[in-house]
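In: Take a look and give me a structure for this.
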Amino acid sequence: MKLTKNYYLIVLFIILSCSEKENTNHTNPNYEKAWHFFENGNETEAFKYFAIAKNDFLQNNDSIGVGKSLMNGSIILLNAGDYFGSEESNIQALKYLKNADDHEYVFSVYNSIAISRKKLKDYKSALAWYEKALEASRDSLEKTKIRNNIAVALSKSKEYDKAIAVLEDLAHQPEYHQDLNTQSKIRDNLAFTKFLQNPNHNAEPELKQALSIRENENDLWGQNASHAHLSDYFYEKDKLKSLFHAQKMLEIASDLRSPDDQLEALQKLALLESSDRAKKYFLQYQKLNDSVQTARAIAKNQFALIRYGTEKEKAENARKQNHILKQNIAIGVLAISLLGGFIVYKKRKKGLQQEKEIEVKNTQLKYSRKVHDIIANGLYHTMVEIQNNAEFNKENILNRIEKMYEDSRDIARDDLMEVAEKEFAARLSEMIYSYQSSDQKVFVVENDQEKWHGISPAVQSEIYYVLREAMVNMVKHSRASLTSVKIERSGNNLSVKYTDNGIGIEDREKISASGIRNMENRIEAIRGKVIFGKNPKGGLTINISVPIH
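Out: This next block holds a predicted model:
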């Protein structure tokens, strides 16, 4: 649900207002230079000079200057999509903003942390930080905006009654009638939250009235949010209207150069359009998503290098002043290393006695994995085909069961390989598409037989089983409505990218011993790499890279 998208502008306005206050006791040329770059859109240089200014303020014991530098740097990280880095910088800023006169800065820090938490979908924590921001604020309009954000977080947490109560109260405050932008937000959020609470609620008049206000005010961010809500509202009621608002959202998001909103609009269009156009939008979505992830990764690395550089310089100065202390630390580390080496030697001696037991366990795990991949997943694959394909007759079922029976007899053979009557690309696509149903759209992109030329049957088999494991998990657990598998080949490397928009992996550690660990073992066995990640728009990505020998 898209209730507030201009959060960066709001926070930036607050920071700009705060920066106009007179600095404490020391002027700082690097801080002024950082603001010059920040105001002119050069965030990389701005971040660099805010980091340098922070160290200058530390030397002058100017705690407010340190806090402001960290706070401004956090805004740049937030805008770059580095939410954890932004939060870390803000937490450090709070350590230096402790005086009563710092409330304006403290409010901005609390609000920024709340936004980071909301972006990470941790709405409970976001609510707590919004409450802190509300307490620190001393401006009535500011308080109204924060309470609106609190209602958004409550709605995201599906606490609709509480969200509606907050929004209805705001609708009776003086600020509701004095500021049209605030009025349109509250009106839009209230109508959409009532619809989420009760799908039969007629929210159309209020949603359209909020859109009208935003159009009159030329509020593009507001119009973007309105079209997102209207598209979701009409999704089950009128597909054509839902499609119209999704297209309008894409147009406005493109004008605003907001990649996150463009991705959301493309996702809506991929679900609303017919198969051919849906694939076009999905490919556009995938291309933009890859571009956004790459750009944000580059930005995060760039900012990390800047922080590393400034901290390294700071550490170098400290090293010169504390040379004797570092020598003592080095001696201590050496002593610990010697002790650690002795402990490792003793453990190694004991470990040699356990190697045979480990070898037996690995053999057991090896055959357990084969049973899981060949029998369990094969049986589930057959069940899915029967469910999704009305023409799957009795003879096909018997043939499939007979094949699994023959595989089970040979399961102890190391050279077990599935014999295919079709080319591997066709067999792989057929397997993946078999998981498509009326509720789950599946796309296979750029999978042709030429890409598999020179790749051994053993490697093909491992990739087949890994993707089948992914598709089984998608059907059984992910609740995804959109899934794609893309095959790419570059030089001596084959890449397979799996993407879905399901619930993703919430706790990586708890499930590492299940099917995911099995997939990792298979890819490692063929000297490849597999990375499980979160889709920025929700869901799971699996990136597989295999060398071609």
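In: Name the spans of the protein whose pLDDT lies under the cut-off.
Out: 1-26, 100-102, 311-324, 349, 352-422, 506-514 (pLDDT under 70).
In: Report the secondary structure state of the residue most central in space within it.
Out: For the chain, the residue nearest the mean C-alpha position is Pro536 (3.2 Å; C-alpha atoms, centre = their mean). Assigned with DSSP: H, G, I helix; E, B strand; the rest coil, Pro536 falls in the coil class.
In: That one contacts Val292, doesn't it?
Out: Yes - contact criterion C-beta atoms under 8 Å: Pro536 and Val292 qualify, at 6.9 Å. In short, each C-beta sits where N, CA and C put it, glycine included.
In: Now do the shared contacts for these two.
Out: 81, 260, 263 (C-beta atoms under 8 Å, 6 or more residues apart in numbering).
In: How far off centre is stretch 432-439?
Out: Computed by C-alpha atoms, centre = their mean, to the nearest Å, the separation of stretch 432-439 from the middle of its chain amounts to 25 Å.
In: Repeat that for stretch 451-470.
Out: Worked out by C-alpha atoms, centre = their mean, stretch 451-470 lies 28 Å from the chain centre.
In: contacting residues around that stretch?
Out: Contacts of stretch 451-470 (C-beta under 8 Å, 6+ apart): 373-374, 377, 381, 417-418, 423-425, 427-428, 431-432, 485, 487-489, 494, 496, 498, 515, 518-519, 522-523, 525-526, 530, 542, 544, 546, 548-549.
In: For that stretch, buried residues please.
Out: Neighbour counts over stretch 451-470 (16 or more other C-beta atoms under 10 Å) mark 451-452, 455, 459-470 as buried.
In: ok, these vs Leu283, which is closest?
Out: Lowest distance from Leu283 to the buried residues of stretch 451-470 (C-beta to C-beta) belongs to Lys451, with 17.3 Å.
In: In PDB, list the C-alpha atoms belonging to stretch 37-53.
Out: Once non-C-alpha atoms are left out, stretch 37-53 reads as follows in PDB (Å, rounded to 0.1, in the frame of the first residue of the first chain):
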ATOM      1  CA  PHE A  37      27.200  19.600  -2.800                       C
ATOM      2  CA  PHE A  38      24.000  18.400  -1.100                       C
ATOM      3  CA  GLU A  39      21.900  21.300  -2.300                       C
ATOM      4  CA  ASN A  40      23.300  20.800  -5.900                       C
ATOM      5  CA  GLY A  41      22.400  17.100  -6.000                       C
ATOM      6  CA  ASN A  42      26.000  15.700  -5.700                       C
ATOM      7  CA  GLU A  43      25.300  13.300  -2.900                       C
ATOM      8  CA  THR A  44      28.500  11.400  -3.200                       C
ATOM      9  CA  GLU A  45      30.700  14.400  -2.500                       C
ATOM     10  CA  ALA A  46      28.300  15.700   0.100                       C
ATOM     11  CA  PHE A  47      28.500  12.400   2.000                       C
ATOM     12  CA  LYS A  48      32.300  12.600   1.800                       C
ATOM     13  CA  TYR A  49      32.500  16.100   3.300                       C
ATOM     14  CA  PHE A  50      29.900  15.300   6.000                       C
ATOM     15  CA  ALA A  51      32.200  12.500   7.100                       C
ATOM     16  CA  ILE A  52      35.200  14.700   7.100                       C
ATOM     17  CA  ALA A  53      33.200  17.500   8.900                       C
END
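In: Noted, bye for now.
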